[in-house]
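Student: Test case, fold it:
(chains A and B)
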Amino acid sequence: MNRFSRLFALLAMAVFAGCGKPEFSDAEKKTIASLALSALPPLKADTTNRFADVPAAAALGATLFFDVGMSGDGKVSCSTCHKIDRQFQDDLPRAVGVGRTNRRTMPLAGVAHDAWFFWDGRRDSLWAQALAPLENPLEQAGSRAAYAHYIKARFGERYERIFGPLPDLSKVPANASPLGSDAEKAAWSTMTEAQTEGVNGVFANIGKAIAAFERSIAPPMTRFDRFAAALATGIQPPQGEDALSPEEIRGLKLFIGKANCATCHTGPRFTDGSFHNTGVPPVANLPPDRGRIDAVAQVEADPFNCLGAFRDGDASACGELRFMVKAGPELIRAYKTPSLRGAASRPPYMHAGQFSSLDEVVAHYSKAPASVEGVSEIHPLQLSDRERAALVAFLETLAE
Amino acid sequence: MASLWRYVLAGLGLAALLAGVLAAVYLTAPQAPQRAGSEIARSKKTANGLFVARFEPERGVVRQGELQSWLLTLKTDAGTPVEGAAIAISGGMPQHRHGLPTSPQATDYLGDGCYRIDGVKFTMSGLWQLHFAISAAAGSDTVVFNVLL
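Tutor: Numbers count the residues shown, from 1 in each chain, chains lettered A, B, ... in the order given. Presented below is the predicted three-dimensional model:
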C-alpha cells in the first residue's frame, strides 16, 4: 500500500505541476516578443512633411492643438476630443465638437506609425488628417480662410520663422472654403488662384505643425511589456513585479492562440493598420456608415493627399495611396483595427462606441454575428465564461 | 483497508483512461490549417504549363506590415525570358475571407523576363495567396503563389 500511495502522490504532483506552471512554446515566446513595446521600430521620417521633426513646428503644433481659437465658434480645439489626460480621447461613444459626430474619438499614442487615418482611412497622412476636423461642421467648424487670418493675427511671427513669409491675405474674405457653407463656398469662388493657393498653403502648414506635435505622442510601457521583457531574458515564468497572474497568462495564450486576436491585433501596437469587417452592429438612428468603401473616394479627392500639390519630398512616399485597394466587397463596413494598448481604461469601444465594456467586445468576437452589410471576416470561437474573463484580464495588462 | 486499495486502483485506472483519451485527441487533431494543403515554392510552372514563374521579394526578406517590391520572373520551359507580358495581380487570405490590403501592380520590366511588382504588403501572419494572370505573345496563363508569414 505504501508503494501505491507514494506512486499516487507522485502522479498527482506531476499533474498539478503541469497545470500550474505556465510554460510557453518557442512559437509563443516569439509572438510575445513581437507584441512587446521594445519591438516598436523608431518612427520613420515623414518625407511628405519636411517640418515633421522640426522642434519649432512641433511647438507651434502643440499650441494650435490646445487652442480653442482654432474653431468656428471659438470653443473647440483638437484637445476638446483628444484629451491629454485621457489618452487623447474623450470617453464618449461618439465625439462632440461644435456638433455631435457619428464616430468614436481615436486615441493618439503611436498614431504617427499609421499609414491611414480615421476609422475608415479617409486621409493618408497625419498632417492631412489634422486638417479635416478643422473644417468639419460637426467638429471645429471653421473655414480655411478664417484659419489663415487667425494664424497671421495670432502667431504670424512664429509661423514665418518656421514656414517662411505668409501670403498676402489683405483681400482674402474672412470666411471662405471650398468645403464650407454656401456663403463660404461663394466667397471661395471669388478668390484669385494666388489667394486660394496662399490660403491652402497656410492651411497645409497648420496640419504639418500639428502632425509634428502628434509625432511625440508615444505609447507608454505597460505591465505586459515588463513581462515580455523578462520572458525574453529567459526567465520563465517572470516573477515579482514582472509577473502576470495565471489568469492573465491564460488570456495571453488565448490572445495569441485559439482566440485569433493577434491575427489582426498584431505587432507592438496591437494593430495591422488595415481595415476589416468584423460584424460590429450599426448604431440605431445614425446615418448609414459603410466604413472603408466610402472613404476611398474621399482620400482620392483630398487635395492634401500624398499625390497632391502640398506634399513635400517626392512621390515615392505615396505607395499606400498609389497601391490602395479601391473596390471589393471586403471594404464594406470595414474599419481600421484599433490599437489595444491602453484600451482597457478607455471604454466605450468600436467605431461608434457600440460596446460599453471589454466583456461585451470579447463576447462579440466569441459569438461572431453576421454583418448587417458585407461579410464579417471573423468566425465564432465558442469561448467559455472563464476564457472570456481571461482575455479581458490580459487586455488589462496593456493598460497598467 | 481493502476498500482503500480499490479506490486507489480505480483512481489510477481513471487517470490512465483520461491520459488515453487526451492522447487520442492530440494525435488525431487536425494540423494547423495554414499549413494544410499549401506549398510555398518560390518557383513553379503556370497552371497550363505555358511559363515557368518565379516570385521573390526584391530585397530577399519578407517584412510584415511594410510596402515591398517583389520580382516576378517569367520564362518559357526552354528558358527563354518572356517579354512584354501584361500582368494582373489579385489575392488575399483564404482563411480570413479578405483580399490583399493593397493593389500590387507590375510597375517595371527589368529585362531577362523579370518584372517588378510594387505595392505588395502583408499585414498579418498566416497564409497569403497571390494570383497572377499573365498574358504574353505565347498566350495567357495563371499562377498562384502562397506566401506564409
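
Student: Those residues of the stretch 151-300 of chain A touching chain B, which are they?
Tutor: Within the stretch 151-300 of chain A, the positions adjacent to chain B are A:262-264, A:266-267, A:272-276 by CB under 8 Å from any CB of the partner chain. From N, CA and C alone the C-beta is placed, and that goes for glycine too.

Student: how about 6 Å then?
Tutor: Selection of the stretch 151-300 of chain A residues close to chain B by CB under 6 Å from any CB of the partner chain yields A:263, A:266, A:272, A:274.

Student: any idea of the pLDDT on the residue of the stretch 251-400 of chain A found nearest chain B?
Tutor: Distances between the stretch 251-400 of chain A and chain B by CB to the nearest CB are smallest at A:Phe323, namely 2.7 Å. Note for A:Phe323: predicted pLDDT of 98.

Student: just checking, it touches B:Ile117?
Tutor: No - using CB atoms under 6 Å, A:Phe323 makes no contact with B:Ile117, being 10.2 Å away.

Student: Could you report the distance from the residue of chain B found nearest chain A to A:Arg322?
Tutor: Distances between chain B and chain A by CB to the nearest CB are smallest at B:Gly119, namely 2.7 Å. Using CB to CB, to the nearest Å, B:Gly119 is found at 7 Å from A:Arg322.

Student: Repeat that for A:Gln87.
Tutor: According to CB to CB, A:Gln87 stands 33 Å off from A:Arg322.

Student: just B:Val147 next, same as before
Tutor: B:Val147 sits 21 Å away from A:Arg322 when distances are taken as CB to CB.

Student: so what's B:Met124 up against?
Tutor: Contacts for B:Met124 (CB atoms under 6 Å, 6 or more residues apart in numbering or on different chains) come out as A:263, A:266, A:272.

Student: which of the residues you listed tops the neighbour count?
Tutor: When neighbours are counted by other CB atoms under 10 Å in any protein chain shown, A:Thr266 leads the contacts of B:Met124 with 25 neighbours.

Student: quick one on the thing from earlier: between A:Gln87 and A:Arg322, which is the more surrounded one?
Tutor: Neighbours per residue (other CB under 10 Å) separate A:Gln87 from A:Arg322, with A:Gln87 holding more: 23 against 18.

Student: That one contacts A:Pro107, doesn't it?
Tutor: Yes - when contacts are counted by CB under 6 Å, A:Gln87 is listed as touching A:Pro107 (4.4 Å).

Student: which stretches of the chain have low pLDDT?
Tutor: I went with chain A, as the question did not name one. Along chain A, segments meeting pLDDT under 70 span A:1-22.

Student: other chain: chain B
Tutor: Within chain B, the stretches with pLDDT under 70 are B:1-4, B:16-38.

Student: What residues sit buried inside the helix ranked longest in chain A?
Tutor: As assigned by DSSP state H, the longest helix anywhere in chain A is helix A:193-214. Of the residues in helix A:193-214, A:195-196, A:198-214 count as buried by neighbour count, 16 or more other CB atoms under 10 Å in any protein chain shown.

Student: can you pull the contacts of B:Thr123?
Tutor: Counting by CB under 6 Å, 6+ apart, B:Thr123 touches A:272, A:274, B:65, B:101.

Student: one more time with 8 Å
Tutor: By CB atoms under 8 Å, 6 or more residues apart in numbering or on different chains, the residues touching B:Thr123 are A:266, A:272-274, B:64-65, B:101.

Student: and what of A:Ile378?
Tutor: A:260, A:278-279, A:365, A:368.

Student: farthest pair in those?
Tutor: A:Asn260 and A:Gly279 (14.2 Å; CB to CB).

Student: where along chain A do the strands fall?
Tutor: Using DSSP state E, the strands assigned to chain A run over residues A:275-276, A:335-336.

Student: partners of the first one, with directions?
Tutor: The partner list of strand A:275-276 in its sheet, established with DSSP bridges, is strand A:335-336 (antiparallel).

Student: Spell out which parts of the stretch 301-400 of chain A neighbour chain B.
Tutor: Residues of the stretch 301-400 of chain A lying near chain B by CB under 8 Å from any CB: A:319-320, A:322-326, A:328, A:330, A:375, A:377.

Student: For the residue of chain B closest to chain A, what are phi and psi?
Tutor: As for B:Gly119, its main-chain torsions (degrees, to the nearest 10) stand at phi 80, psi 20.

Student: how far is stretch A:131-151 from where the chain is centred?
Tutor: Counting by CA atoms, centre = their mean, to the nearest Å, stretch A:131-151 is centred 22 Å from the centre of its parent chain.

Student: Name the residues of that stretch that come out as buried.
Tutor: By 16+ other CB under 10 Å, the buried positions in stretch A:131-151 come out as A:131-136, A:138-151.

Student: Show me the domain layout of the chain.
Tutor: No chain in the question, so chain A it is. For chain A, automatic domain parsing gives the domain ranges A:23-40+A:220-286+A:332-396, A:55-214.

Student: nope, chain B
Tutor: The record's domain parsing of chain B by automatic domain parsing lists B:2-30, B:36-148.

Student: hey, which of these is tucked in deepest?
Tutor: domain B:36-148 (a mean of 17; mean count of other CB atoms under 10 Å in any protein chain shown).

Student: how far does stretch A:82-95 sit from the chain's center?
Tutor: Centroid displacement of stretch A:82-95 relative to its chain, using CA atoms, centre = their mean, is 12 Å.

Student: before we move on, what about stretch A:148-164?
Tutor: Computed by CA atoms, centre = their mean, the chain-centroid distance of stretch A:148-164 equals 29 Å.

Student: Just the C-alphas of that stretch, formatted as CSV.
Tutor: The C-alpha coordinates for stretch A:148-164 follow below in CSV (Å, rounded to 0.1, in the frame of the first residue of the first chain):
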residue,chain,number,x,y,z
ALA,A,148,-5.2,81.7,-42.3
HIS,A,149,-6.3,85.1,-40.9
TYR,A,150,-6.1,83.8,-37.3
ILE,A,151,-2.6,82.4,-37.8
LYS,A,152,-1.4,85.7,-39.2
ALA,A,153,-3.0,87.7,-36.4
ARG,A,154,-2.1,85.5,-33.5
PHE,A,155,1.0,83.5,-34.5
GLY,A,156,2.3,85.4,-37.6
GLU,A,157,5.9,85.8,-36.4
ARG,A,158,6.2,82.2,-35.1
TYR,A,159,4.7,80.9,-38.3
GLU,A,160,7.0,82.8,-40.5
ARG,A,161,10.1,81.8,-38.6
ILE,A,162,9.2,78.2,-39.4
PHE,A,163,7.4,78.2,-42.7
GLY,A,164,8.6,81.4,-44.4
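
Student: buried residues in it?
Tutor: Residues of stretch A:148-164 classed as buried: A:148-152, A:155, A:158-159, A:162-163 (neighbour count, 16+ other CB under 10 Å).

Student: just stretch A:236-243 next, same as before
Tutor: Buried positions in stretch A:236-243, judged by neighbour count with 16+ other CB under 10 Å: A:237-238, A:242-243.

Student: Just the C-alpha atoms of stretch A:312-320, please, in CSV.
Tutor: Output of stretch A:312-320 as CSV, limited to C-alpha atoms (Å, rounded to 0.1, in the frame of the first residue of the first chain):
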residue,chain,number,x,y,z
ASP,A,312,7.0,67.8,-49.5
GLY,A,313,9.6,65.4,-50.9
ASP,A,314,8.9,63.1,-53.9
ALA,A,315,6.0,60.8,-54.8
SER,A,316,8.0,57.7,-53.8
ALA,A,317,6.4,58.2,-50.3
CYS,A,318,2.9,57.7,-51.7
GLY,A,319,2.9,53.9,-52.1
GLU,A,320,0.0,53.4,-49.8
